[in-house]
Every structure is written in C-alpha cells, then in structure tokens.
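Engineer: structure of the sequence below:
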Amino acid sequence: MRIPVSFIATLAALFLYPAQADVVVHVGTSLSIPPYVIPHNNSGITLDLTSEALAASGLDSDVHYSSNAENVDDFNLGKLNALLVTQPQLTPKAFFSSEPVMIFHNVIITLKDAGYNIEKVSDLSDLRIGAFSLAKQLLPKPFAITADLAPSYIEYTQQIEQVEALYNGDCDAIIMDRLIFLYYLSKLRHRNPPDMRYQASYTAVELFEPSEYFMAFSNEDYRNAFDEGMATLRSNGRYENIINSYEQTLSRYLIQ
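Structural biologist: So this is what the prediction gives:
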C-alpha cells in the first residue's frame, strides 16, 4: 500500500514541531517588584501581561523568582528562556521585545527630618546607601562610582527590607522605583498602624531618567510570539483592562 506523501508530511510535522501549547517558557523575575510582580499569588501588572501575551500566542509560562543577579546568571547559562529585568550589556545574546514591559522611575528617598540636601548623585557618597539588586549595573555609571565611595552600600533582594532599613535608621538613603516604595510603605503602615516609625515623612529626589526594561528572550521565536501576543492584547482591549484593574486596586491601597 502506498502511503500518501501528505500523510507522511503531517506525521513529520507532529514529531518535529510539537503543539505550541506544550511549549513552556521559563521566565525569571525579581522577588520583590510589586505591583509589577507579586510572587505570593503569581500576579502583578507586568506578570499578568506577560503570561497572557505568551498564552495568546499559544505558549505556557512558568515563573522563577530570584534576585536580578541570579536571574541574569541563569539566563546566560540557558536555565531560563526569558527575563523581565535585564539590560543588553548583561545578557548580550538575548532577543528583546519591541516594547518595554516595565518603566521604573527610580528615586532617592531619605527621611525628611534627616535634612539631607541631595542635588546630584555624588551627594550620596557620604551616606549609607540601600539599593535594589544589580543597581550598580542597571543605573547610570555615576551611581556605581558613588556607591563605591559610600561608607556603606547594600543591595537588597527583598525591597521591603530597603524601606525597613531606611525607617529603622540602618540606611540614610535608599534608591528604588517610586511605586514599589509606596507599595511597601503602605504595606508596612497597614500591617502595624500603631508603629509610628513608618508615619515619618520622606523626601523623594528624582535624579535618574526613567529606566525602560524590555523583556529578554533566549531565541527569536519566543520574542516574536511575545510581541504578537502583546499586539493581540492591545487590539482586543485586554491590555487596558489589566492596567485599569490594578490602577483601581492601587488607588485604594497606596498611601497618598
């Protein structure tokens, strides 16, 4: 019996190109960048958009939470297929999304009563600094130079610990995204209302340009699938629905 060529081609396709829905993209992200990523329930503005964009292109996603530094190492070793927080110089072989998935507005935060007058990044050189993981590599070079001169410099994997360190007097200044700071300060105030430490006024100085983060992928096919999925979310209105849902929730939760 002669087997039709078309049948053979179909079998070959099944074995060589398995159904896309069975493909899992392993995504690395930070442990503590709410409301963009909220680990305890696998949610957050960016995480929801990412998982739904990949799903729209028929790809499953599996999220791995770790520090920025460990995620970059795992990506470069081939253990992860995608990253939310990186830069081209850290992952030179990556294929980046066509649009940013996050835009961080990093600010320098001090307690108002401390009376620090910070007008340029180098003014931090005499202060104890608390920053986020990989800050010296991700922020402009003058920051790394200043951090090396500071009497104390710590990078925190858990960013809530940055806020605690500032209000406990362990740091003089912390550097983090304004929205992440407000999220954690709100959490600390809600957790223990009688604790007056977290009621102290703060000052936020804007000396850094907004940091755009494009999603990094280990191959071009994943990147293209993600871009196509994001276009689908925008066209069907799901993108705006996700953003609006979080904006409404945050407006009720965040301190003013």
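Engineer: which of the residues in the lengthiest strand in the chain are buried?
Structural biologist: As assigned by DSSP state E, the longest strand anywhere in the chain is strand 95-104. Of the residues in strand 95-104, F95, F96, S97, V101, M102, F104 count as buried by neighbour count, 16 or more other CB atoms under 10 Å. From N, CA and C alone the C-beta is placed, and that goes for glycine too.
Engineer: try stretch 230-249
Structural biologist: Neighbour counts over stretch 230-249 (16+ other CB under 10 Å) mark M230, A231, T232, L233, R238, Y239, I242, Y246 as buried.
Engineer: ok, which stretches of the protein are helices?
Structural biologist: 5-16, 45-56, 68-76, 135-138, 141-149, 159-168, 178-191, 220-235, 238-253 (DSSP state H).
Engineer: what does the fourth one contact?
Structural biologist: When contacts are defined by CB atoms under 8 Å, 6 or more residues apart in numbering, helix 135-138 is touched by residues N68, V85, Q87, Q89, L90, F143, A144, A147, E155, I175, S211.
Engineer: restricted to buried residues, select those residues in PyMOL.
Structural biologist: Per 16+ other CB under 10 Å, the buried members of the contacts of helix 135-138 correspond to this PyMOL selection:
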select buried, resi 68+85+87+90+143+147+155+175+211
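Engineer: quick check: of the contacts of helix 135-138, which lies closest to I45?
Structural biologist: Nearest to I45 among those: V85, at 13.9 Å, using CB to CB.
Engineer: need the pLDDT of that closest one.
Structural biologist: Looking at V85, its pLDDT reads 95.
Engineer: what sits against it?
Structural biologist: T29, S30, I33, N68, N71, M102, L134, L138, Y213.
Engineer: roughly how far apart are it and G78?
Structural biologist: To G78, V85 is 18 Å away according to CB to CB, to the nearest Å.
Engineer: try F95
Structural biologist: Counting by CB to CB, the gap from F95 to G78 is 14 Å.
Engineer: L31 now?
Structural biologist: Taking CB to CB, one finds L31 at 22 Å from G78.
Engineer: neighbour-wise, which of those two wins?
Structural biologist: Remark: of L31 and G78, L31 carries more neighbours, 18 against 9, as counted by other CB atoms under 10 Å.
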